[in-house]
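Colleague: This is a predicted model, with the sequence first.
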Amino acid sequence: MIKLQIIGNLGKDCIVKEVNGKNVINFSVAHTERYKDSQGNQKERTTWVECAYWTDRTAVAQYLTKGRTVYAEGSPEADAYSNKEGQPAATLRMRVQNVQLLSNNSGNEGATPSYSNAGSTSVSSNPVNAPAEMSTTAGDDGLPF
């Protein structure tokens, strides 16, 4: 198994769908890396990961909003295609197995709800160190993007 882990910000509010009687939460996570090039110029590169979280518990969707910082891990998938200009491009996708809410939209690291597929809900005053793990349920093998 290949495992992908990402910490980043949601680019837009999540979308909850029902596919073949199962719930899936779709969201996009952006991670921006800042570095200096060989001439010493400051550069930045953003990587987007399209995420699909198959779960029976969709209550977490209300917290997966634009700007929220999250940690997500799961199985990666890459797709190559041609963009509108005919240039080669690729999409990085992840079938999410675990997700943690790290901050609210304002960046305040205050109390953050944690959800679990086991049905428990708790509130953590330190969301970075208190995981809100949610395992996927058995679902379709494809990602609904």
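Modeller: Done, it's in.

Colleague: All the strands of this protein, in order from the start?
Modeller: For the chain, applying DSSP state E gives strands covering 4-10, 15-19, 22-36, 42-54, 69-82, 88-101, 112-115, 121-124.

Colleague: quick one: the fifth one to strand 4-10, angle?
Modeller: In this structure, strand 69-82 runs at an angle of 100 degrees to strand 4-10, with axes from the mean of the first three to the mean of the last three CA atoms, to 10 degrees as the basis.

Colleague: sorry, back to before: okay, the strands of the chain in TSV with mean pLDDT next?
Modeller: Output for the strands of the chain, formatted as TSV (pLDDT from 0 to 100):
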stretch	mean pLDDT
strand 4-10	95
strand 15-19	95
strand 22-36	95
strand 42-54	94
strand 69-82	93
strand 88-101	93
strand 112-115	50
strand 121-124	39
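
Colleague: closest one to residue 60 among those?
Modeller: Minimum separation from residue 60 across those (CB to CB) falls at strand 112-115, 4.4 Å. Using the backbone N, CA and C atoms, a C-beta is placed for each residue, glycine as well.

Colleague: before we move on, back to that, distance to residue 61 and mean neighbour count added to the strands of the chain, as a markdown table?
Modeller: Formatted as a markdown table, the strands of the chain follow (distance: least, CB to CB, whole Å; neighbours: other CB atoms under 10 Å):
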| stretch | distance to residue 61 | mean neighbour count |
| --- | --- | --- |
| strand 4-10 | 11 | 18 |
| strand 15-19 | 5 | 13 |
| strand 22-36 | 5 | 16 |
| strand 42-54 | 9 | 16 |
| strand 69-82 | 12 | 16 |
| strand 88-101 | 11 | 18 |
| strand 112-115 | 10 | 20 |
| strand 121-124 | 14 | 13 |
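
Colleague: can you list those strands in CSV and add distance to residue 62?
Modeller: Output for those, formatted as CSV (distance: least, CB to CB, whole Å):
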stretch, distance to residue 62
strand 4-10, 13
strand 15-19, 10
strand 22-36, 10
strand 42-54, 14
strand 69-82, 14
strand 88-101, 11
strand 112-115, 9
strand 121-124, 12
